[in-house]
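1. with the input below, show me the fold.
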Amino acid sequence: MPGGRLTQQERRQIALGLADGLAYAEIARRLERPTSTVTREVMRNGGPTSYRADLAHRATEHRAHRRKQAAPRNAATPPQPHGRDAEAVREFEEVLTTVIMASGAPTMMARVMACLTLTDSGSLTAAELVQRLQVSPASVSKAIAFLESQGLVRRERDDRRRERYVVDDDVWYQSMMASARSTAQIVETARQGVGVLGPGTPAGTRLENIARFLDFVSESIARAAEQAREVLYTKPESPTDAPA
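-> The predicted model follows:
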């Protein structure tokens, strides 16, 4: 199985595979590469609908050059815990950042969210985020404010009275519930509009249809989030717990 960086020819094969609708696993099999390599390559270079082989190749060369220039600054980076491959972790963080951006988050907000998610503690101070991401304190502050508004991070004080930004298992539940509440507000506003524009009028009917659709969606999100939360906090049965 080949190793090292993808060649330009391999990237063209990836592009052709995507155009043919092949799954990442099938493309990887044809290249004799791990599926994770293909997934990472595609997601960090625009995703399956925007991937371009030549652009991806140039972008990779640019990133490699930039990392080489930054090497002295990062020379003191401590080793990864649990024996992790530091390069693999860095590359995965880029992939996760790209995926979060694809969901609609701005770049800096996606970087902060990915960085927090991949820490074992699930929390970092502003100073730690600045150091890890090599950005300004103002950028971190703005990103945290956005993520808080989406219910994706929370603040807490540690034993040294430092403010820490936290992600945990409950964060996505809180985010989904915030989304459901936001959608419910649109429903309420749309129904107010029906009264203003008149039931049965074209505009009033449109608003009523919007309200009915989004009402169903918000209730479904809240119900699914509650059910998923129960699963999340239910301890899996061990073999000894299974009925005889």
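
2. with Ala105 as the reference, measure out to Ser218.
-> Using C-beta to C-beta, to the nearest Å, Ser218 is found at 21 Å from Ala105. C-betas here are computed from N, CA, C, even on glycine.

3. what residue lies at the spatial centre of this structure?
-> Geometric centre of the chain, nearest residue: Ile100, 2.9 Å, by C-alpha atoms, centre = their mean.

4. neighbours of the residue lying closest to that residue once chain neighbours are set aside, how many?
-> Nearest non-adjacent residue to Ile100, counting by C-beta to C-beta, 6 or more residues apart in numbering: Ala110, 3.9 Å away. If you count neighbours by other C-beta atoms under 10 Å, Ala110 ends up with 21.

5. show me what counts as buried in the host helix or strand of Ala110.
-> Assigned by DSSP states H and E, Ala110 belongs to helix 107-117. By neighbour count with 16 or more other C-beta atoms under 10 Å, helix 107-117 contains the buried residues 108-117.

6. hmm, back to that, give me the pLDDT for the residue nearest to Ile100.
-> pLDDT, Ala110: 90.

7. that one contacts Met101, doesn't it?
-> Yes: between Ala110 and Met101 there is a contact under C-beta atoms under 8 Å: 4.4 Å.

8. what do the two both touch?
-> Residues touching both Ala110 and Met101 by C-beta atoms under 8 Å, 6 or more residues apart in numbering: none at all.

9. could you point out the helix or strand that follows the worst-scoring helix or strand of the chain on mean pLDDT?
-> Least confident helix or strand, the chain: helix 53-74 with a mean of 68, by mean pLDDT, DSSP states H and E. Where DSSP H and E defines the elements, the next helix or strand beyond helix 53-74 is helix 86-102.

10. run the chain-centre distance for that next one.
-> The chain centre lies 9 Å from the centre of helix 86-102; the measure is C-alpha atoms, centre = their mean, to the nearest Å.

11. so how far is the first residue of stretch 33-52 from its last?
-> Chord length of stretch 33-52, first to last residue, is 19 Å (C-alpha to C-alpha, to the nearest Å).

12. do stretch 47-58 as well
-> Start-to-end span of stretch 47-58 (C-alpha to C-alpha) is 16 Å.

13. who touches it?
-> For stretch 47-58, the surrounding residues in contact (C-beta under 8 Å, 6+ apart) are 8, 11-12, 14-15, 18, 41-42, 45-46, 98, 102.

14. and stretch 35-53, how far apart are its ends?
-> End-to-end distance of stretch 35-53: 17 Å, with C-alpha to C-alpha as the criterion.

15. can you point out the buried residues in that stretch?
-> 37-45, 51, 53.

16. okay, these in CSV with distance to Gly198 next?
-> What follows is the buried residues of stretch 35-53, written out as CSV (distance: C-beta to C-beta, whole Å):
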residue, distance to Gly198
Thr37, 59
Val38, 55
Thr39, 52
Arg40, 54
Glu41, 54
Val42, 50
Met43, 48
Arg44, 51
Asn45, 51
Tyr51, 49
Ala53, 55
